[in-house]
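> give the three-dimensional model of this entry:
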Amino acid sequence: ALPWLLPALASSAGTDPAAVDLFAARADTPLGTAASLLSLGGIWNARAVPPGFAEPAGAVGRLLLSLAALAGWGWLLARRPRPDWAVGLTVSAVLGAAVALAGTVEPGRALLRALIGLWPGFGPLRDGHLYLAPLALLQAVGVAGAVRWLAGARGEAPARYRAAGAVAGACALAAPLVLLPGLAWGAWGALRPVEYPGEWTRVQQLVNADPVEGALLSLPWSAYRGFPRGGGEVTVVLDPATKLFDRPVVWNDALRVRDGDRVLVAEGEDPSARRVAPLMGADALPTPSPGLAERLAEAGVRYVLVDRANLPEGAEPAFAGPGFAVVHDGPLLLLLKVTE
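Numbers count the residues shown, from 1 in each chain. Sure, this is the predicted structure:
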């Protein structure tokens, strides 16, 4: 969380407390939110849930495996000598689960909103599901402990215990495929590597070769981009410009989340984006004006990158005139330098 905490101490970055409600853990199984979190589910993004994850049989199986893992962890804690890190992992898992559960009830959400309003550095607490990571590590070790307990924990254990341990070990190895079949083979082919069009690499090289400081403004004014995959399918990803260039990128970092028929919006965190946002028109492009280049320069913008493939239908970037120099003009991307 240091990339959040340190800038929060010395910058004007902000975190919208309303995002607590957007990121709160939710029930992604029929067993409820608490059981979903205990079995390492509960993610807020419904589109990130693997196919078949909510099937009752699999949900019950994952919960039983989690309970067995916790029992195995308790058995390991009771043994001597106890590893030095065991207590630390236990405390971390309990605290992480508490953060995740806090967002599931209104008093907890109110507390998180108050903390974020007090200091933006508390922003990482809003995505409580992330803090299940220590619990996941604890359960991974706990499963091994449960298998050892069933096996008698010693080589001289009776044969029936060794057989039980062998069966338990085989079941533990098969559990990921049996309990999460939707993730097998890259979620049945849904997860596979893709490459960005080569024009993105050419633009990256042009911008990164410039030693003069200044930000890059990524357009259209939207957080996501769509890339055709063929067959009419489109891969939607976070704007690649945000990670592509060796300079600050100004982009629309406001978070839009669909909840049924509603679209909820959490205000972005970058103060540069808040300064540039009023310049945008209805077509997600800056409204043409005689002083546009000067205003962008005042906001610290040196480059403007327009992703033509993701412009709204009928929209056309209008940056003609003084103050802009064309650096790259291709079928997918238009790169301009602010010369004011």
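
> SS state for residue 229?
strand (DSSP: H, G, I helix; E, B strand; the rest coil).

> doesn't residue 235 make contact with it?
Yes: Residue 229 is in contact with residue 235 according to CB atoms under 8 Å; the separation is 5.4 Å. Where C-beta positions appear, they are placed from N, C-alpha and C, glycine not excepted.

> any common contacting residues for those two?
Taking CB atoms under 8 Å, 6 or more residues apart in numbering as the criterion, residue 229 and residue 235 both touch residue 194.

> where do the strands of the chain begin and end?
With strands called from DSSP state E, the chain shows them at 215-219, 224-230, 233-238, 249-250, 255-259, 262-266, 301-307, 324-329, 333-338.

> next, the angle strand 224-230 makes with the third one.
Translated: strand 233-238. Counting by axes from the mean of the first three to the mean of the last three CA atoms, to 10 degrees, strand 233-238 lies at 150 degrees to strand 224-230.

> strand 233-238 packs against which elements?
Here strand 233-238 touches strand 224-230, going by 3 or more CB pairs under 8 Å, 6 or more residues apart in numbering; DSSP states H and E.

> contacts for the strand it packs on next, please.
Against strand 224-230 from outside (CB under 8 Å, 6+ apart): 194, 196-197, 234-240, 307, 309-310.

> how about 6 Å then?
Here strand 224-230 makes contact (CB atoms under 6 Å, 6 or more residues apart in numbering) with 234-236, 239, 310.

> ok, that strand: who's next to it in the sheet?
strand 233-238 (antiparallel) (DSSP bridges).

> which parts of the strand it pairs with are buried?
When burial is assessed from 16 or more other CB atoms under 10 Å, strand 233-238 yields no buried residues.

> from the chain's centroid, how far away is that strand?
Strand 233-238 has its C-alpha centroid displaced from the chain centroid by 15 Å (CA atoms, centre = their mean, to the nearest Å).

> which ones are touching residue 328?
203, 206, 335.

> and residue 284, by the same measure?
Residue 284 neighbours (CB under 6 Å, 6+ apart): 220-222.

> change it to 7 Å
219-222, 312 (CB atoms under 7 Å, 6 or more residues apart in numbering).

> which residue ranges make up the domains of this structure?
The chain is divided into the following domains under the TED database: 4-189, 198-338.

> let's have the ones you listed in a markdown table, adding mean pLDDT.
Converted to a markdown table, the domains of the chain look like this (pLDDT from 0 to 100):
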| stretch | mean pLDDT |
| --- | --- |
| domain 4-189 | 88 |
| domain 198-338 | 90 |
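
> what lies in contact with the longest helix along the chain?
When the chain is parsed with DSSP state H, its longest helix is helix 56-78. Applying CB under 7 Å, 6+ apart, the contact partners of helix 56-78 are 29-31, 35, 38-40, 52, 86, 138-139, 141-146, 149, 175, 179.

> ok, stretch 295-307 next?
By CB under 7 Å, 6+ apart, stretch 295-307 touches 203, 207, 212, 214-220, 225, 241, 250, 272, 275-276, 279, 317, 319, 333-338, 340.

> buried members of those residues into PyMOL, please.
Selection of the buried residues among those in PyMOL, burial being defined by 16+ other CB under 10 Å:
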select buried, resi 203+207+214+215+216+217+218+219+220+225+241+250+272+275+276+279+317+319+333+334+335+336+337+338
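
> TSV please, covering the contacts of strand 224-230 and showing distance to residue 167.
Below are the contacts of strand 224-230 laid out as TSV (distance: CB to CB, whole Å):
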residue	distance to residue 167
234	46
235	42
236	44
239	50
310	53
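
> check these and tell me the two furthest apart.
The largest separation in those, counting by CB to CB, is between 234 and 239 at 14.6 Å.
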